[in-house]
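In: My questions concern the predicted model and sequence given below.
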Amino acid sequence: MTTIRVLNREETIDVLPELCEVLAACVNGGASVGFMLPFSPQDAQPFWQSVAEAAGEGSTIHVVAEVDGRVVGTVQVGLASKPNQPHRGDLMKLLVHPSARGLGLARKLMQKVEEEAAKRGRTLLVLDTATGSDAEAIYPRLGWERVGVIPDYALFPDGRFCGTTLFYKRIG
């Protein structure tokens, strides 16, 4: 059974080991999401602890996908805190464990996080993703508009340069 749900601070902490496994599996699989190799589940703990704190403060919406009670996917929206951007949110870290891909979880995670962002008054979401990645192909199918590419924006976990593609979506 698949469940998609929003987590608060305590719930995020409760599933910290599973979140660490998802992030480590994605980074070790080549996902350019801000981390470099070597990368272990233990290396992921500080990141997820910061997500838990942000969820507790209300500055981040944290959504997970669970299959048979185990977290296998996650996404976040950072709620812009600048006075001139109360309508905007930043989509971050859409991750699905490699063993759970092909189940439609990315689509379900995105639908839920967009719905939750709209409930919080957001009408515009933005994101960036590695150019040429599997994730880049998902967003247009979900109604996101491609803005353009910035070459050599970041690095893949193995140290190679990575372009980033920018997207936006109007919601709500």
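Out: Yep, that arrived.
In: ok, longest helix in the protein?
Out: In the chain, assigned by DSSP state H, the helix with the most residues is helix 41-57.
In: who's in contact with that helix?
Out: 7-10, 12-13, 16-17, 19-21, 23-24, 27, 35, 60-62, 76, 78 (CB atoms under 8 Å, 6 or more residues apart in numbering). Yep, even glycine has a C-beta here, placed from its N, CA and C like the rest.
In: which among these end up buried?
Out: 7, 9, 12-13, 16, 19-21, 23-24, 27, 35, 60-62, 76, 78 (16 or more other CB atoms under 10 Å).
In: Can you name the residues in contact with the helix or strand just after the longest helix of the chain?
Out: Downstream of helix 41-57, the next assigned helix or strand under DSSP states H and E is strand 60-67. Applying CB under 8 Å, 6+ apart, the external contacts of strand 60-67 come out as 1-7, 12, 15, 19, 51-52, 54-55, 71-79, 89, 96, 100, 103, 105, 108-109, 112-113, 116-117, 120.
In: Give the next helix or strand downstream of strand 60-67.
Out: Next along from strand 60-67, by DSSP H and E: strand 70-79.
In: Can you name every helix or strand that that following strand contacts?
Out: helix 16-28, helix 41-57, strand 60-67, strand 88-96, helix 105-119 (3 or more CB pairs under 8 Å, 6 or more residues apart in numbering; DSSP states H and E).
In: Looking at these, spot the one closest to Arg141.
Out: helix 105-119 (8.0 Å; CB to CB).
In: orientation of the longest helix of the chain relative to strand 70-79 in degrees?
Out: Helix 41-57 and strand 70-79 are oriented at 50 degrees to each other (axes from the mean of the first three to the mean of the last three CA atoms, to 10 degrees).
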